[in-house]
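S.K.: Only the shape, not the letters, is given here:
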């Protein structure tokens, strides 16, 4: 098996990548503006929902139930999908999924040039499908506006819902001018939309194979659901002769009725809309209506490994709304690229490392203050802070099992502190020692240049030195004074 | 009432004035304070950083020290969050039913300082006077894990001569996050500068919170900038009287 998630195997660690992102003022302004707008819209649409908490609970219950019986629902989905005229392919990992997709596209292209149009699918970015298709001589065109911008600028998505969130319209104009050869293009939203429309319409009308992801796969009916705002997705799933849908196995839900819950939660959480402008559902094929061939690739790519642990399993509840990214104070500063994965923000910090059995993205579980803003907004109640702590525990245990890890400055410091805290006498001695030791670092009543790990604190912040008397010293003096005054009387 | 104080290791070592203030406020209200001298750390730092094995003996130690207390007061919301959110889980993972039972019995007697005053003792006027402008930062753990709600505001509004100024975007994290402040120092500092811009815009002379850890971060940044805004734990404001200030 070769589980891969985007380019995480080549990514710098979060602190290193974040440092670079923090130097990009334009990017940070764009991210702050965009997330502020989406957060405000989301808040409005959630305040008007009296049963929001019940909806969240219902969604969590449905997802947890489905994941506990995933084998059952996946097979039910396969049966019903094939009965409706679809063909289901199972892919264990990225390579298998890409090989299946490339073979299908080649087969249907015949002696025509192999080209496909794609509607936004994060899952295809996860398996780096465009790269694989290019290697197979297939040209893929992203048709989601933001994905198109990202593709044209050879960039990476920085947000799971709004992939070009890090770019403003002036930057987009430059990309369009260059890539579409439109020298006089204006920078108004209408100018940019017109340019994109003309460019994309030609692709929609000409290219006969489409690739989609799925927001939901419904076991009961074998149908697939994609929700979006632009209508470009609707074009992609209805206009081509052949449609290939790449679906992560966790996207299956038991019944059509369950959408009642999810279609209330998802648009409000993702874009602050009551309903998505385009909700496309289809099952199999229908003569004279839409594609005549329909293939589904069900992708595992590390997902089943998360099922056995209940805490980790919760990660697969995610419906990719991106609310946790918009709410996260860390994401707000760095944007998505610093995470080194197409899954960024709080959900990325738990999903990316877990899909790859902690082989990559190991710094991501630490890219959080555990402030809890992600959990608060999550429409399916994924307790992201708890999963982050759980993953930190796994990483530390792995590190401690190696000689180098067990001798790291952090590990030794933590061990030492653990031992000190086990005896109040040792702890009091450590307090005295620290008071003595800090003297050489004191400048004008502050600690401003500490050595070792603490240096990362004083690089940006001052620290008041340890006062002469700890609380317990004060308490002991007080008790002694009380005893002696009692004795005196 | 006999109230056992768990002062928290970092308060004990770095911010003794907070423990002293808690003692004074509660004694002024007629309660008896006990300070079990064996106490050290609740295990939060180890647990949240991933050193969960090393946290277990600290958790056991905490429970054995405080198991007979009538009420435990903790002037640190994040320590209370550790105790409430994780102790029971840790006990379960230890497969020790006696330990788990002790944790379950102890939990309802653990109170964060402002919770103890407002929710348990039903007090919002502690008779304090503090003639300064103050802004309040709801620390993430107090806000989202303890759900302290408007308790701290009720306490602050009753302080004589205190001018309470609202902090914009107050639910935004200050960037402390325990070892995050060290491991991701650059991002932590970026978050802090946003927070401190808001703090300075309020024009308040004092920033207060229920956690000295966040205040240490906020003050550390403010002081580095040359600002004279002071950071004080809520207990210190509540213990102030006309005579002191």
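M.R.: Thanks, I have it. If you're wondering where the values come from, they're calculated on a predicted model, not measured in any experiment.
S.K.: close to chain A, is stretch B:197-205?
M.R.: No: counting by Cβ under 8 Å from any Cβ of the partner chain, no contacts exist between stretch B:197-205 and chain A, the nearest distance being 12.2 Å. (C-beta placed from N, C-alpha, C; glycine too.)
S.K.: For that stretch, the averaged confidence score.
M.R.: For stretch B:197-205, the mean per-residue pLDDT is 98.
S.K.: buried residues in it?
M.R.: B:198, B:199, B:202, B:204 (16 or more other Cβ atoms under 10 Å in any protein chain shown).
S.K.: Over to stretch B:184-194?
M.R.: Within stretch B:184-194, the residues that count as buried by 16+ other Cβ under 10 Å are B:184, B:185, B:186, B:187, B:188, B:189, B:190, B:191, B:192, B:194.
S.K.: again with stretch A:282-302
M.R.: Residues A:282-285, A:290-291, A:293-302 are the ones in stretch A:282-302 that count as buried (16+ other Cβ under 10 Å).
S.K.: does chain B sit close to the strand or helix carrying residue A:59?
M.R.: Applying DSSP states H and E as the criterion places residue A:59 in helix A:52-68. No: figure legend: helix A:52-68 not in contact with chain B (Cβ under 8 Å from any Cβ); closest approach 13.3 Å.
S.K.: Could you pull out the strands in the stretch 1-150 of chain A for me?
M.R.: Listed in chain order, the strands of the stretch 1-150 of chain A (DSSP state E, counting those that start in this stretch) span A:86-91, A:115-118, A:139-142.
S.K.: can you tell which of these is closest to residue A:373?
M.R.: Proximity to residue A:373 (Cβ to Cβ) singles out strand A:139-142 among the strands of the stretch 1-150 of chain A, at 30.4 Å.
S.K.: mind showing which ranges of chain B have poor pLDDT?
M.R.: Along chain B, the model assigns pLDDT under 70 to residues B:242-245.
S.K.: Which residue ranges make up each domain of it?
M.R.: For chain B, automatic domain parsing gives the domain ranges B:2-120, B:133-238.
S.K.: CSV please, covering those and showing distance to residue A:108.
M.R.: Shown next, in CSV, are these (distance: least, Cβ to Cβ, whole Å):
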stretch, distance to residue A:108
domain B:2-120, 49
domain B:133-238, 47
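S.K.: and the closest residue to residue A:210 other than its chain neighbours, what does it touch?
M.R.: Distances taken as Cβ to Cβ, 6 or more residues apart in numbering or on different chains put residue A:240 closest to residue A:210, at 3.8 Å, once the chain neighbours are dropped. By Cβ atoms under 8 Å, 6 or more residues apart in numbering or on different chains, the contact set of residue A:240 is A:117, A:207, A:208, A:209, A:210, A:291.
S.K.: What is the nearest of the residues you listed to chain B?
M.R.: Nearest to chain B, judged by Cβ to the nearest Cβ, of these is residue A:117 at 38.0 Å.
S.K.: where's that closest one relative to residue A:271, distance?
M.R.: 23 Å (Cβ to Cβ, to the nearest Å).
S.K.: One more: residue A:244?
M.R.: Separation of residue A:244 from residue A:271 (Cβ to Cβ): 26 Å.
S.K.: likewise residue A:81?
M.R.: Taken as Cβ to Cβ, the span from residue A:81 to residue A:271 is 28 Å.
S.K.: who's more crowded, the two?
M.R.: Counted by other Cβ atoms under 10 Å in any protein chain shown, residue A:81 and residue A:271 do not tie: residue A:81 has more neighbours, with 26 against 23.
S.K.: Surely the more buried one is in contact with residue A:298?
M.R.: No: Residue A:81 is beyond contact range of residue A:298, at 9.6 Å (criterion: Cβ atoms under 8 Å).
S.K.: for residue B:240, what are its contacts?
M.R.: B:128, B:129, B:130, B:159.
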